[in-house]
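# Pasted the sequence and its predicted model underneath.
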Amino acid sequence: MTRTHINLDDDATVADVVESGSDPRSAAVVDVVVEEHDQSAAVVDEDDGVAGGLPARAKKNDDGSVTLPLRYPVSLTIRSSGGKTRVERYEELRFHRLNGAALRAITSTEGDAKIVVAMARSTRLSDAVMSAVYDRMDGADIAGAAKIVFHFLA
């Protein structure tokens, strides 16, 4: 099995993008898996690496939810209205399918906060807690979480 790059932009090749110093991912370049069965034929999975699938480390649960183990866990100190504090550690996030009310909340949110609200609704965490978790999450964990949310919307 060979992993290769295919550029989805007709105007530039991967070599052109790499040669220009740009990140190939910014030019609609995706990784695909090519299985070579013989010299004359190749099977290409054009959906490999494209949004809509689940991250490899994600686990589908029996109830239809998806659990994403975080590569870099997040700890928060939560203060209740009574003044008591507790520490919550997030080593994984469990995502659920989104309903109409969740979609309404997401679409009524402005700008960059949409993904945080989408993750909050899907994980069933409050917007405030998800916002704090999101701000402390590693980029790779955010990308995996976003991929799961998009999977539920596909």
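That came in fine, so what should we check first?
# from what I can see H151 touches V66, true?
Yes. Here H151 reaches V66: they are 7.3 Å apart, a contact under C-beta atoms under 8 Å. In this view, the C-beta of every residue, glycine as well, is placed from N, C-alpha and C.
# which one of the two has more residues nearby?
V66 (22 against 17; other C-beta atoms under 10 Å).
# Help me confirm that the more buried one comes into contact with K59.
Yes. Counting by C-beta under 8 Å, K59 is a contact partner of V66 at 6.9 Å.
# related to what we said a few turns ago, okay, and the common contacts of H151 and V66?
Common neighbours of H151 and V66, using C-beta atoms under 8 Å, 6 or more residues apart in numbering, are L54.
# all helices for the protein, in order.
With DSSP state H applied, the chain shows helices at 14-19, 100-107, 113-123, 127-136, 139-153, listed in chain order.
# give the contact list for T85.
Neighbouring residues of T85 by C-beta under 8 Å, 6+ apart: T77, I78, R79.
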